[in-house]
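> generate a structure from the sequence data that follows.
(chains A and B)
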Amino acid sequence: MPQTSTSTPETASAGSGTSTALHSVGHLGRWAPWAIFAGAAAVAALLGMATGLNAAVFAIYTVALGTIALYAASRKVEGRRRATDRLVTCVVVSAFGLAMVPLVSLVIEVVSKGIGRLDSEFFASSMTGIIGEGGGVYHAIAGTLIITALTTLISVPIGLLTAIYLVEYGTGRLKRAITFLVDVMTGIPSIVAGLFAYALFAVFFGPGVRLGIAGAVALSVLMIPVVVRSAEEVLKLVPNELREASYALGVPKWRTIVKIVLPTAVAGLATGVTLAIARVIGETAPLLVTVGIINGTNLDPFDGRMATLPVYAYYQLTQPGVPPEFAIDRAWTAALVLIIIVMGLNIVARLFSRFFAPKTGR
Amino acid sequence: MAKRIDVSDLNIYYGNFLAVEGVTVSIEPRSVTALIGPSGCGKSTFLRSLNRMHEVLPGARVEGKVSMDGQDLYAPDVDPVDVRRHIGMVFQRPNPFPTMSIYDNVAAGIRLNARKMKKNDLDDLVERSLLGANLWKEVKDRLTRPASGLSGGQQQRLCIARAIAVEPDVLLMDEPASALDPISTLAIEDLMTELKERFTIVIVTHNMQQAARVSEQTGFFNVAGAGQPGRLIEFNATEKIFSNPDEKATEDYISGRFG
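Predicted structure coming up:
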């Protein structure tokens, strides 16, 4: 937002050098930026009517005209330094606004299209025997939660232990090699992870295998590097002084890690893990090839196909049947449920870091 | 409980860099030994080598002999963890464990080593240690509060309480008062005078008045220049060091005519 300009007069930019008094500079009132942008909006509306009004054009005109006008006015009244400040403030705020556009429009779109089917039936029923109206995502929510839980169960121990090795024990070539491989893993396209897991399970169960656990393995390939990276950063933040304090009490290294380093870092670790979960819970491609889709409820990840929210949404949208609108509605609502789950996870992460962070209170 | 430490021909390395060369010294039990000298002369490095904290850093190692009451601390069959249980350490910056309460910080040495102790005994130990560190009166009503809520001086005394709770034979202090105000410094110094009845204390300090006030023996370390190893120039009774040192370099340093 444009700054207030009620502060004391500023020094004028270094000029004379002989004068010892501070120059007083005029300043625009608090209302000035708002007035200027309101004027710009009015002009933009006129221009928009001439060229054909639409919201995007109107916003662009308003921001551009307002910024230029505010800069010119400030330059005249307040001098170059304050004018530059106002210009940069305008640019930063516009960039922020621009960054919010996709997020806000996505949320509005998904909520407005998905809210219609967000009813109890949607959460209570699967797609068994559903043609056309009705149906739900009970089976897909259950599948997503089971597969994500399995993924977490696989990834967190591996990722955390790797991070502990890298921070506390690793030296030289092996550490560099592991860091490099983790970096490479971070860049693996998700479909490749899916094909890897499919190929791995096809070796044991024959081609065409579809298992929940295969999906969990595929997602683990994506999740492990994220966990390693975030845990590594968090463990590095634990001050070395605490480790030394513990060593100086005659505590062995492994116990220092378990009792001092991990508890000190637990808030950051929990946040990192939760965000890693949020990262993989919406993956579609790997689950498409490893888990597939099913209309009924299958809660056993070691036996056959399972439904998951992203794949469910994908199939509802691409193979909606006739008439298509019911399935398309279900796809939007499934997407909305997925967003709600991810948002819930983020809130959980926040709560974690609030309650587990080292207390500083007096 | 207090034990003597004998060091002979100790060379301390960081990787290939020789940081401290040829230190031979005897540290008397039940006394305060101060180590003074300019920055970078290796006095902290030397201190850390006494309880094998030096080798925690990658590439750090020592040559020579350090023994406590005749037992070689660097013998191959000696566990460095065990050495540190007998030789406690207090650091320059107060470093209480932020996740723990005041009580848990003092009990940390016992709990972290998984030593079993009855609740009553542990309460007694915590009280005794805090009394020993002159902190009991200030914190007895808030033992369950986080340690990070204490002031810097209190935190440092908490760290001392934590160090003496494990009943070490020797207490090493690496500039324990340099981050504190004069009043807290005085509290720490008084504490040292009390603690030397029970422990052997070695303190590194930049404050020469402090060394003169608290110590019986003083060692002066110096370094010839950047990249050169630090050496123990003189080791003598504190009175002698500060009135009539044997070495010219010591006199120059103490009288401020250094460099």
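
> give me the nearest residue to whatever residue of the stretch 51-200 of chain B ends up closest to chain A, chain neighbours excluded.
As assessed by Cβ to the nearest Cβ, chain A sits closest to B:Arg85 within the stretch 51-200 of chain B, at 3.0 Å. Where C-beta positions appear, they are placed from N, C-alpha and C, glycine not excepted. The spatially closest residue to B:Arg85, leaving aside those adjacent along the chain, is A:Gly250, at 3.0 Å (Cβ to Cβ, 6 or more residues apart in numbering or on different chains).

> and that neighbour, backbone torsions?
Here is the backbone geometry of A:Gly250 (degrees, to the nearest 10): phi 80, psi 30.

> show me where the stretch 1-150 of chain A has helices.
A:31-51, A:55-78, A:80-114, A:120-124, A:138-164 (DSSP state H, counting those that start in this stretch).

> are we agreed that B:Asp9 is in a strand?
Yes. Counting by DSSP: H, G, I helix; E, B strand; the rest coil, B:Asp9 is found in a strand.

> contacting residues for it?
For B:Asp9, the residues meeting the contact criterion (Cβ atoms under 8 Å, 6 or more residues apart in numbering or on different chains) are B:22-24, B:63-65.

> which pair in the residues you listed has the greatest spatial separation?
Across the contacts of B:Asp9, the longest distance by Cβ to Cβ is 12.9 Å; it joins B:Thr24 and B:Glu63.

> mind listing the shared neighbours of those two?
Residues touching both B:Thr24 and B:Glu63 (Cβ under 8 Å, 6+ apart) are B:9-10.

> how about the contacts of B:Asp9 in JSON lines, adding distance to A:Trp34?
As requested, those are exported to JSON lines (distance: Cβ to Cβ, whole Å):
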{"residue": "B:Gly22", "distance to A:Trp34": "75"}
{"residue": "B:Val23", "distance to A:Trp34": "72"}
{"residue": "B:Thr24", "distance to A:Trp34": "78"}
{"residue": "B:Glu63", "distance to A:Trp34": "74"}
{"residue": "B:Gly64", "distance to A:Trp34": "75"}
{"residue": "B:Lys65", "distance to A:Trp34": "78"}
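
> who wins on neighbours among those?
Counting neighbours by other Cβ atoms under 10 Å in any protein chain shown, B:Val23 comes out on top of the contacts of B:Asp9 with 24 neighbours.

> follow-up on the earlier one: give me the subset of the contacts of B:Asp9 lying in helices.
Among the contacts of B:Asp9, none falls in helices (DSSP state H).

> surely A:Ala327 forms part of a strand?
No. A:Ala327 is assigned helix when assessed by three-state DSSP, not a strand.

> got a list of what the residue nearest to it when sequence neighbours are not counted touches?
Closest residue in space to A:Ala327, ignoring its immediate chain neighbours: A:Pro320 at 3.5 Å, by Cβ to Cβ, 6+ apart. Applying Cβ under 8 Å, 6+ apart, one finds that A:Pro320 lies in contact with A:326-328, A:331.

> rerun that using 10 Å as the cut-off
By Cβ atoms under 10 Å, 6 or more residues apart in numbering or on different chains, A:Pro320 lies in contact with A:132, A:326-331.

> which of those lies closest to A:Val192?
Ranked by distance to A:Val192 (Cβ to Cβ), those are led by A:Ala331 at 25.6 Å.

> now the residue of the stretch 51-200 of chain B closest to chain A: which helix or strand?
Element membership for B:Arg85 (DSSP states H and E) is helix B:80-86.

> which other helices and strands does that helix contact?
Under the contact criterion of 3 or more Cβ pairs under 10 Å, 6 or more residues apart in numbering or on different chains; DSSP states H and E, helix B:80-86 touches helix A:240-248, helix A:253-256, strand B:60-68, strand B:170-174.

> single out the most deeply packed of those.
Greatest average neighbour count among the helices and strands packed on helix B:80-86 goes to strand B:170-174 (a mean of 26), per mean count of other Cβ atoms under 10 Å in any protein chain shown.

> is chain A within reach of that strand?
Yes. Against chain A, strand B:170-174 shows contacts by Cβ under 10 Å from any Cβ of the partner chain at B:172, B:174.

> pLDDT on that strand, on average?
Per-residue pLDDT over strand B:170-174 has a mean of 92.

> same check, this time on stretch B:232-244
According to the model, stretch B:232-244 has a mean pLDDT of 90.

> what's the span of it, first residue to last?
Distance across stretch B:232-244, first residue to last, is 17 Å (Cα to Cα, to the nearest Å).

> which positions in it come out as buried?
B:232-236, B:238, B:241-242 (16 or more other Cβ atoms under 10 Å in any protein chain shown).

> try stretch A:59-68
A:59, A:61-63, A:65-67.

> export the residues you listed to TSV and tack on distance to A:Asn295 and pLDDT?
Conversion of the buried residues of stretch A:59-68 to TSV gives the following (distance: Cβ to Cβ, whole Å; pLDDT from 0 to 100):
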residue	distance to A:Asn295	pLDDT
A:Ala59	45	86
A:Tyr61	51	84
A:Thr62	51	88
A:Val63	50	89
A:Leu65	56	89
A:Gly66	55	90
A:Thr67	55	90
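
> and those, which is closest to A:Ala140?
Distances from A:Ala140 to the buried residues of stretch A:59-68, taken as Cβ to Cβ, are shortest for A:Ala59 (38.1 Å).

> how about that closest one, what does it touch?
Taking Cβ under 10 Å, 6+ apart as the test, what A:Ala59 contacts is A:41, A:44, A:48, A:94, A:97-98, A:101.

> could you flag which of those residues are buried?
Buried subset of the contacts of A:Ala59 (neighbour count, 16+ other Cβ under 10 Å): A:41, A:44, A:48, A:94.

> can you list the residues you listed in CSV and add pLDDT and distance to B:Leu195?
Shown next, in CSV, are the buried ones among the contacts of A:Ala59 (pLDDT from 0 to 100; distance: Cβ to Cβ, whole Å):
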residue, pLDDT, distance to B:Leu195
A:Ala41, 87, 74
A:Ala44, 85, 77
A:Gly48, 79, 81
A:Ser94, 93, 64
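
> contact residues of the stretch 151-300 of chain A facing chain B?
Neighbours of chain B within the stretch 151-300 of chain A, by Cβ under 10 Å from any Cβ: A:171-172, A:238-253, A:255-256, A:258-260, A:262-267.

> repeat that for 6 Å
Listed as neighbours of chain B in the stretch 151-300 of chain A under the rule Cβ under 6 Å from any Cβ of the partner chain: A:171, A:241-242, A:245, A:247-252, A:255, A:259, A:263-264.

> turn those residues into CSV, including distance to B:Ile5 and pLDDT.
Output for these, formatted as CSV (distance: Cβ to Cβ, whole Å; pLDDT from 0 to 100):
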residue, distance to B:Ile5, pLDDT
A:Thr171, 31, 84
A:Glu241, 24, 90
A:Leu242, 26, 91
A:Ala245, 22, 91
A:Tyr247, 19, 91
A:Ala248, 16, 90
A:Leu249, 19, 90
A:Gly250, 17, 88
A:Val251, 22, 90
A:Pro252, 23, 91
A:Arg255, 26, 92
A:Lys259, 29, 90
A:Pro263, 34, 90
A:Thr264, 32, 89
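
> between those residues, which is closest to A:Gly292?
The nearest member of these to A:Gly292, counting by Cβ to Cβ, is A:Pro263 at 41.8 Å.

> what's the helix or strand for the closest one?
helix A:262-281.

> can I get the CA coordinates of that helix in CSV?
Listed in CSV are the C-alpha atoms of helix A:262-281, where the atom choice follows Å, rounded to 0.1, in the frame of the first residue of the first chain:
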residue,chain,number,x,y,z
LEU,A,262,15.7,-33.6,17.1
PRO,A,263,13.5,-32.1,19.9
THR,A,264,15.0,-28.7,19.2
ALA,A,265,14.2,-29.0,15.5
VAL,A,266,10.8,-30.9,15.9
ALA,A,267,8.7,-28.0,14.8
GLY,A,268,10.6,-27.4,11.6
LEU,A,269,10.7,-31.1,10.9
ALA,A,270,7.0,-31.5,11.3
THR,A,271,6.3,-28.5,9.1
GLY,A,272,8.7,-29.9,6.5
VAL,A,273,7.0,-33.3,6.5
THR,A,274,3.5,-31.8,6.3
LEU,A,275,4.4,-29.7,3.4
ALA,A,276,6.0,-32.7,1.7
ILE,A,277,2.8,-34.6,2.2
ALA,A,278,0.9,-31.7,0.7
ARG,A,279,3.3,-31.8,-2.2
VAL,A,280,2.5,-35.5,-3.1
ILE,A,281,-1.1,-35.8,-2.1
